[in-house]
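Student: show me the folded form of this:
(chains A and B)
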Number of protein chains: 2
Amino acid sequence: MKVLMYGLGSVGSTMAKMLLERGASIVGAVIASESKHGKDVGELLGIEPLGVTATTDAQEALARDPDLVVMSIASYMDDMIDPVRACLKAGCDVISLSEELMHSWRTSPEETAEIGALAKEHGARMLCTGHQDGFWVSLPAVLMGTCFTIDEVRGSAAWNVDDFGAELARDQQVGASREEFDAWAATAQRPPTFGRTSLHALAAMAGLDVEESTTTTEPAVAEHDLHCAALGEDISAGTIIGFTDIDVVTTKQGVTLRLEMTGKVYAEGETDSNTWEVLGQAPVKIHSEGLQTHWTTCSTLVNRIPQLLEAEPGYRTIDELPQLRFRAGS
Amino acid sequence: MKVLMYGLGSVGSTMAKMLLERGASIVGAVIASESKHGKDVGELLGIEPLGVTATTDAQEALARDPDLVVMSIASYMDDMIDPVRACLKAGCDVISLSEELMHSWRTSPEETAEIGALAKEHGARMLCTGHQDGFWVSLPAVLMGTCFTIDEVRGSAAWNVDDFGAELARDQQVGASREEFDAWAATAQRPPTFGRTSLHALAAMAGLDVEESTTTTEPAVAEHDLHCAALGEDISAGTIIGFTDIDVVTTKQGVTLRLEMTGKVYAEGETDSNTWEVLGQAPVKIHSEGLQTHWTTCSTLVNRIPQLLEAEPGYRTIDELPQLRFRAGS
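Tutor: Next comes the predicted model:
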């Protein structure tokens, strides 16, 4: 299998090494940075030279005739649509980590329809997956399968602002006062939450028809003084350390899906966690802690590839594929 | 859909009511007790009369031409083979809670092959599912799908001897001394553990080929004095309150699967729990508590029925079916 890496940042690099380990042949990488243009992809990965170069020119890279493009460049449709168009027009299968595109029928219906038509026209397949496929969709969908009736499904997940950079910390309003947070929240133009598209994918996997989707946002406030490594600043108690997006999706079948996603500066001892609780007959719950989302993201994408390659051409979503499963060695 | 209930105990009765709620038509029930013979099934369920009777005569019940037989009579192949033969020869689809038959290719290969051939010959489908489908196979299989490499998968589950009767408490050696336990363990002839067949199903779902299966058994010893409700006896510290079966399955792919199943008298505050941990790149873990296995068992079977009816005739196993999923209302 000839693979083009579209994006070679932290997750792109891990996935490239996984694919090499599984026997794929990498034909190049599309990168944004001029300083990496023309460099050997192996060198950029910190391994032996691969004899293929990174390039800022996507068309040139697509002309190397990859079978599959592995994309890790952006979360939202606005940034994904042009690169996806180019890959599909070149007849390449595409697998990506874009959170919105995991299930974009409601957040970007026109672009989604266009991508689906393009993929079919060129006999290509496209799928978006990642950490949220396993932990926010497939696991709760199986959990729901152990219930006879369901009133509500409640998920909560937390991630640490300090695992990312200063830019994201500022996006999460770290260091703001409550008044500043409220002023921001009242006017902020934000793209669709990852929670919303995950709940839409979960609804599809559980055979539920979405009626309404809402998102509300609540501040996370420091209970004690703490240090924000991402900003290199001490934060005093009472200051904003991030926020929680609360997504609620109602369905025609009367089942409510809810996901609370908290991105904040962690206090000592807090780790990434994920809980899903199904309220119904009978209630069931699963809980995870200490998740390493960098690895779950990359592994899930790599494990989904064989299923994508066996699917019908088109813009596929994870609810249409077989159950997520481990792939030993190939 | 015309359904025959084969077994109408506690779980059989719950499933019968669920099936009625989903619009199925119950044509009768096969029961063991002479005192229930000839009684209306609705009356036995504690609901309005259904106009169909319970009978001890399976052949008579099968002559009522059910489409599907829902079986909750036994855990092991030895007790299942004759009733299953009768149902398949009558051309009925069969879904059952038999733990061994969830994946019996290694524990009872001849009978499994015979059932498979019979099912195909008569155009019938058979499947075994239940609590272990969701919590011991499907959930850990999805969790494994978020990993790139796996060294070991470790499950642990616990159930309370006091939720069942005195007979089971004695089977679990409750009240024995350590010496009595060791003497029992040295000579006990026990059927295949539920852990073993669950791990065989998990291996199949994860695409792993089983090499070796072992079971060892360790006593659970009371740390403090406690009361065993099932026996109506006080148990003193140091006495046996049950045991743990430790199943280990090695695979050709180098992945080891392990499940520790503890059945013991709970101390105050202990609840049924279930943990799965995958050791590999990267480690992941899910944990559940407060599970109501009566309900998860019945709901999982009911939710699997539409998938069974769409499957090819034969002795189907859960790894061959689509992902376990919720069915809203039908």
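
Student: report the distance from stretch A:117-135 to the chain centre.
Tutor: 13 Å (CA atoms, centre = their mean, to the nearest Å).

Student: that one close to chain B?
Tutor: Yes: residues of stretch A:117-135 contacting chain B under CB under 8 Å from any CB of the partner chain: A:131, A:134-135. In this view, the C-beta of every residue, glycine as well, is placed from N, C-alpha and C.

Student: closest one to chain B out of those residues, please.
Tutor: residue A:134 (3.9 Å; CB to the nearest CB).

Student: okay, the nearest residue to the closest one once chain neighbours are set aside: pLDDT?
Tutor: Spatial nearest neighbour of residue A:134, chain neighbours left out: residue B:146 (3.9 Å); criterion: CB to CB, 6 or more residues apart in numbering or on different chains. Note on residue B:146: pLDDT of 98.

Student: tell me the secondary structure at residue B:146.
Tutor: Residue B:146 falls in the coil class when you classify it by DSSP: H, G, I helix; E, B strand; the rest coil.

Student: that one contacts residue B:286, correct?
Tutor: No: the pair residue B:146 / residue B:286 is not scored as a contact, 10.2 Å apart, by CB atoms under 8 Å.

Student: got a list of contacts for the lowest-mean-pLDDT helix or strand in chain A?
Tutor: Taking mean pLDDT, DSSP states H and E as the measure, chain A has helix A:166-171 as its least confident helix or strand, at a mean of 87. For helix A:166-171, contacts defined as CB atoms under 8 Å, 6 or more residues apart in numbering or on different chains pick out A:161-162, A:175, A:228, A:230-232, A:263, A:265.

Student: ramachandran angles for the closest residue in space to residue A:271 that isn't next to it in sequence?
Tutor: Once flanking residues are discounted, residue A:271 sits nearest to residue A:290: 4.7 Å by CB to CB, 6+ apart. Per-residue torsions, residue A:290: phi 70, psi 30 (degrees, to the nearest 10).

Student: what is the neighbour count of residue A:290?
Tutor: Using other CB atoms under 10 Å in any protein chain shown, residue A:290 has 11 neighbouring residues.

Student: give the contact list for it.
Tutor: Counting by CB under 8 Å, 6+ apart, residue A:290 has contacts A:271-273, B:283, B:285.

Student: among the residues you listed, name the buried ones.
Tutor: Using 16 or more other CB atoms under 10 Å in any protein chain shown as the burial test, the contacts of residue A:290 include A:272, B:283, B:285 as buried.

Student: if I pick the second one, what's in contact with it?
Tutor: The neighbourhood of residue B:283, defined by CB under 8 Å, 6+ apart, consists of A:290, A:292, B:277.

Student: want to throw those into a markdown table with pLDDT and distance to residue A:50?
Tutor: Shown next, in a markdown table, are the contacts of residue B:283 (pLDDT from 0 to 100; distance: CB to CB, whole Å):
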| residue | pLDDT | distance to residue A:50 |
| --- | --- | --- |
| A:290 | 89 | 34 |
| A:292 | 91 | 26 |
| B:277 | 98 | 35 |
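
Student: export the residues you listed to JSON lines and tack on distance to residue A:42?
Tutor: Shown next, in JSON lines, are the contacts of residue B:283 (distance: CB to CB, whole Å):
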{"residue": "A:290", "distance to residue A:42": "32"}
{"residue": "A:292", "distance to residue A:42": "25"}
{"residue": "B:277", "distance to residue A:42": "35"}
